[in-house]
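Asker: using only what follows, build the 3D model:
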Amino acid sequence: MAQTPLREAIAAYHELLTEQLAADSWAQLEDQLHRRGLYFGERPLCTVLRPRFLTPEHYAALQRRVSVLLGAFDKAYRAALADPAVRAQFAPTEWEEELLRDDPGFRDPSPTGRLDTFIQTDPRAAACLRPVVRQPGKTTHRHPRLARGAHL
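Answerer: So this is what the prediction gives:
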């Protein structure tokens, strides 16, 4: 298989990463997570030290796809704020409803989920963006409303 710039970058990274460097890096990350309280329930916010290597083409494609998706999230957010019937589809808890009544002083909501992204090395293959919702102390799951889309 021919060496591409992406494969060369990954190979160079692997050559630099020794067992000792990996262990030292993990210890530093774990220490800083504890010191700064960066946990979601019992789970550390970051458990992976590996960088994501992307070609410029993959990065541009990811930006285009995420831009469309974030626009849809914004539309759903605005509709849910304006209409209690739309908001009810998301089954907000009482404390979430209370937060929605207060103007935070900025336009965009803070994200509380993540998008899992699976990027194919073949630029003709589709990337997959999958919404995942996490709750502190609970298993990761796909939120049923996000998986099939709320009815707007």
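Asker: domain map for the protein?
Answerer: If you go by automatic domain parsing, the domain ranges for the chain are 1-53, 55-152.
Asker: mind checking how far the shortest one is from the chain centre?
Answerer: Okay, so that is domain 1-53. 17 Å (C-alpha atoms, centre = their mean, to the nearest Å).
Asker: let the chain start at 14 from now.
Answerer: Okay, residue one is now 14; in that scheme the one you just asked about reads as domain 14-66.
Asker: how about the helices in this structure?
Answerer: Remark: helices assigned in the chain by DSSP state H are 18-29, 32-49, 69-95, 97-101, 107-114, 157-161.
Asker: which one of those lies nearest to residue 122?
Answerer: helix 69-95 (5.5 Å; C-beta to C-beta). (Each C-beta comes from the backbone N, C-alpha and C, glycine too.)
Asker: please name every helix or strand in contact with the closest one.
Answerer: helix 97-101, strand 126-131, strand 141-146 (3 or more C-beta pairs under 8 Å, 6 or more residues apart in numbering; DSSP states H and E).
Asker: ok and that helix relative to helix 107-114, angle-wise?
Answerer: Relative orientation of helix 69-95 versus helix 107-114 (axes from the mean of the first three to the mean of the last three C-alpha atoms, to 10 degrees): 90 degrees.
Asker: count of neighbours near the residue nearest to residue 52 when sequence neighbours are not counted?
Answerer: Counting by C-beta to C-beta, 6 or more residues apart in numbering, residue 52 lies nearest to residue 58, which is 6.5 Å off, once chain neighbours are set aside. By other C-beta atoms under 10 Å, the residues close to residue 58 number 10.
Asker: how about the contacts made by residue 58?
Answerer: 46, 51, 52 (C-beta atoms under 8 Å, 6 or more residues apart in numbering).
Asker: do you know how far the last one is from residue 45?
Answerer: When distance is defined by C-beta to C-beta, to the nearest Å, residue 52 is 12 Å away from residue 45.
Asker: next one: the second one
Answerer: Residue 51 is 8 Å from residue 45, where distance means C-beta to C-beta.
Asker: which stretches of the chain have low pLDDT?
Answerer: 14, 123-129, 131-165 (pLDDT under 70).
Asker: once you drop chain neighbours, what's closest to residue 87?
Answerer: residue 121 (7.3 Å).
Asker: meant to ask about residue 62, not that
Answerer: Per C-beta to C-beta, 6+ apart, closest to residue 62 is residue 38, 5.6 Å.
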